[in-house]
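**Student:** 3D, please:
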Amino acid sequence: MKPIVYLLCGLGGSGKSTYAQKLAESGLQKLSLDEYVYHMYGRAIVNLSEHEYVQHYRSAKVELDEKLVRMIQEGQSVILDYGFWRRDSRDYYKRLINENGGEWRLMYLKAGPGLLMRRLGERNKRTDANAFPVTEEKLDEYIARFEEPDNEGEEVIQQL
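**Tutor:** Got it, this is the predicted structure:
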């Protein structure tokens, strides 16, 4: 049986990290760029400028991609809590997974702007790795940049 890599797609506040935690409780390994950067360098926007965060994010991605390939080749199923806002990123990971002997499942956690802002308002009060501050203006910017999956083999999990 091939290992499965769960690609968790959605905007901040859509429930990706919560969903990832539920999957991890079943014994799957989770890889999260935000958590990796947080543990290595500090909290985005608070301890790191946006520029610093992007630099650390890029180097973390290289390290975690190498780890992902090793895990797939060893037969381990994995959760990628990356967001996958862009189709080209989703396509890249699908190819990477397939080329290394795994199967992918694209899980799209879909939520409307009102729900996202309510959740982010609560999350903005926290200081953990998955809680860097997002303003309403920043959320609008993120929504405008997000490429919603459409006929990509996604499984939609509607958030209410």
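**Student:** how far does stretch 35-42 sit from the chain's center?
**Tutor:** Relative to the chain's own centre, stretch 35-42 is displaced by 14 Å; criterion: Cα atoms, centre = their mean, to the nearest Å.
**Student:** that one: which residues count as buried?
**Tutor:** Glu35, Tyr36, Val37, Tyr38, Tyr41 (16 or more other Cβ atoms under 10 Å). Heads up, the C-betas are built off the backbone N, CA and C, glycines and all.
**Student:** which residue in those residues has the weakest pLDDT?
**Tutor:** Of all the buried residues of stretch 35-42, the one the model is least sure of by pLDDT is Tyr41, with 71.
**Student:** for it, which non-adjacent residue is closest in space?
**Tutor:** Of all residues not flanking Tyr41 in the chain, His56 sits nearest, at 4.9 Å (Cβ to Cβ, 6 or more residues apart in numbering).
**Student:** now that neighbour, what's its secondary structure?
**Tutor:** helix (DSSP: H, G, I helix; E, B strand; the rest coil).
**Student:** about what we covered before: okay, the buried residues of stretch 35-42 in TSV with distance to Val69 and secondary structure next?
**Tutor:** Below are the buried residues of stretch 35-42 laid out as TSV (distance: Cβ to Cβ, whole Å; DSSP: H, G, I helix; E, B strand; the rest coil):
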residue	distance to Val69	secondary structure
Glu35	19	helix
Tyr36	16	helix
Val37	20	helix
Tyr38	23	helix
Tyr41	23	helix
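**Student:** center of this structure, which residue is that?
**Tutor:** With distances taken as Cα atoms, centre = their mean, the chain has Tyr82 as the residue nearest its mean C-alpha position (2.0 Å).
**Student:** who are the packing partners of the helix or strand hosting that residue?
**Tutor:** Using DSSP states H and E, Tyr82 falls within strand 78-83. The contact analysis (3 or more Cβ pairs under 8 Å, 6 or more residues apart in numbering; DSSP states H and E) places strand 78-83 against strand 4-9, helix 16-24, strand 29-31, helix 33-41, helix 50-73, helix 87-99.
**Student:** mind listing residues that contact it?
**Tutor:** For strand 78-83, contacts defined as Cβ atoms under 8 Å, 6 or more residues apart in numbering pick out 3-12, 16-17, 20, 23-24, 28-35, 68, 71-72, 89, 93, 102.
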